[in-house]
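Chemist: have a look; sequence and predicted model below, questions after that.
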Amino acid sequence: MLQSQLDRYAVVGNPVAHSKSPLVHEAFARATGQRMRYERLEAPLDGFVATVQAFAEANGVGLNVTIPFKLQAFALAREHSVRARSARACNTLAWRDDHWFGDNTDGAGLVCDLTRNLGETIAGRSLLVLGAGGAANGIVADLLAEQPHRLVIANRTHAKAVELAARFERVGPVSAEPLAALSGQQFDIVVNATSLGLGTSVPPGLWPQRLFRPQALAYDLIYADRTTPFLDWARAEGAGRTADGLGMLIEQAAESFYLWRGVRPDTGPVFRLLGAAGRG
Ligand code: ATR
């Protein structure tokens, strides 16, 4: 089969040059014997829909969607999974006959990384999610499905945390608290779902001190080749363990791969390939 006739997949975003998704999916394809191509696709900030349509016309059958297009991907998809509807955002698109099917595998990827790879128990424990934007929207339902004792959402703009918690209050014990109200409270797992930049350190006073129980895990949804500012801060605050979002990236990718190809790849070899920097 000609290379140009292979089913095409890509990660679409802006920027997208740093994405490790091609490495992950190429490794899955090799390991499972799937013949496919996987590329990086940078869409202009005002050109997401046109880019995706052109991709579909050129044998494109699946996309991972990253910043800042997850909401637009949700709007573009004509059919949605339950979890995409719950997140109101899509990180995965699959071409079905004549339209895009939208899914969201971020939450499943996070829960898999927490429970299977990091060996954390979510059931019965106290969780804190910092941030209430797109990334937080994608994970709350899946975290609640694991039946934590409680899940607190805290955000710089408190009203957004209130709105997010209200959407899921029938699903499980979720509440929004102003950042200042967290003083004196402690958590077992603290997830950073803010878009706080990689280039800066956590400004003093942004989050209250002593949020971490002694064995607590600090988990950053972003990943980088070095420790992220949130994880540096968490260590200094006494978090027992830290992990960046590389594991979530790999696990959400496996879930997307399964949706596209009907084959579930083993993620262990990809962890070894990419290294587990940021886990300690
Ligand atoms: P994403 O899709 O990455 O979640 P987003 O929807 O723009 O992006 O949400 C960004 C989140 O990071 C928000 O919760 C935002 O807080 P606000 O709702 O108050 O804007 C949070 N965030 C971004 N920069 C931040 C900063 N410097 N300090 C604290 N929170 C920050």
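Modeler: Yep, that arrived. Numbers count the residues shown, from 1 in each chain.
Chemist: nearest the middle, which residue of this structure would you pick?
Modeler: Nearest to the mean C-alpha position of the chain, counting by Cα atoms, centre = their mean, stands Asp106 at 3.9 Å.
Chemist: from memory that residue sits against Asn91, does it?
Modeler: Yes - taking contacts as Cβ atoms under 8 Å, Asp106 lies within contact range of Asn91: 5.2 Å. Backbone N, C-alpha and C define where each C-beta goes, glycine included.
Chemist: mutual contacts of those two, please.
Modeler: Gly138, Gln252 (Cβ atoms under 8 Å, 6 or more residues apart in numbering).
Chemist: so which residues on the stretch 1-150 of the chain come close to the ligand?
Modeler: By the rule Cβ under 6 Å from any ligand atom, the part of the stretch 1-150 of the chain lying against the ligand is Ile67, Gly131, Ala132, Gly133, Gly134, Ala135.
Chemist: any chance of a PyMOL selection covering the buried ones in the residues you listed?
Modeler: Applying 16 or more other Cβ atoms under 10 Å to these leaves a buried subset, and the PyMOL line that selects it is:
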select buried, resi 131+132+134+135
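Chemist: can I get the residues of the stretch 1-150 of the chain next to the ligand in a markdown table including pLDDT?
Modeler: Shown next, in a markdown table, are these (pLDDT from 0 to 100):
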| residue | pLDDT |
| --- | --- |
| Ile67 | 90 |
| Gly131 | 97 |
| Ala132 | 97 |
| Gly133 | 92 |
| Gly134 | 89 |
| Ala135 | 92 |
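Chemist: report the two of the residues of the stretch 1-150 of the chain next to the ligand separated the most.
Modeler: Maximum pairwise distance among these (Cβ to Cβ): 16.0 Å, between Ile67 and Ala132.
Chemist: contacting residues for the residue nearest to the centre of the chain?
Modeler: Contact partners of Asp106, counting by Cβ under 8 Å, 6+ apart, are Ala87, Asn91, Ala135, Gly138, Ile139, Met248, Gln252.
Chemist: what lines up beside the longest strand seen in the chain in the sheet?
Modeler: Using DSSP state E, we find that the single longest strand of the chain is strand 212-220. Sheet pairing of strand 212-220 (DSSP bridges) gives strand 187-192 (parallel), strand 241-243 (parallel).
Chemist: could I get the pLDDT score of Gly199?
Modeler: Among the per-residue scores, Gly199 shows a pLDDT of 78.
Chemist: count of neighbours near it?
Modeler: Taking other Cβ atoms under 10 Å as the neighbour definition, Gly199 ends up with a count of 6.
Chemist: ok so it is a strand residue?
Modeler: No - using DSSP: H, G, I helix; E, B strand; the rest coil, the assignment for Gly199 is coil, not a strand.
Chemist: how near is it to Phe69?
Modeler: Distance of Gly199 to Phe69, computed by Cβ to Cβ, to the nearest Å: 22 Å.
Chemist: find the nearest non-adjacent residue to whichever residue of the chain sits closest to the ligand, please.
Modeler: Of the residues in the chain, the one nearest the ligand is Gly133, at a distance of 1.9 Å by Cβ to the nearest ligand atom. In this structure, Gly133 finds its nearest non-sequential neighbour in Ser195, 6.6 Å apart by Cβ to Cβ, 6 or more residues apart in numbering.
Chemist: domain parsing for the protein?
Modeler: 3-104+249-273, 107-244 (automatic domain parsing).
Chemist: just to revisit the earlier point, verify the contact between the residue nearest to Gly133 and Ala132 for me.
Modeler: No - if you go by Cβ under 8 Å, Ser195 and Ala132 don't touch, sitting 11.2 Å apart.
Chemist: need the next SSE after the lengthiest helix in the chain, C-terminal direction.
Modeler: Longest helix in the chain by number of residues (criterion: DSSP state H): helix 246-261. Downstream of helix 246-261, the next assigned helix or strand under DSSP states H and E is helix 268-274.
Chemist: list the buried ones in that following helix?
Modeler: For helix 268-274, using 16+ other Cβ under 10 Å, the buried residues are Val270, Phe271, Leu274.
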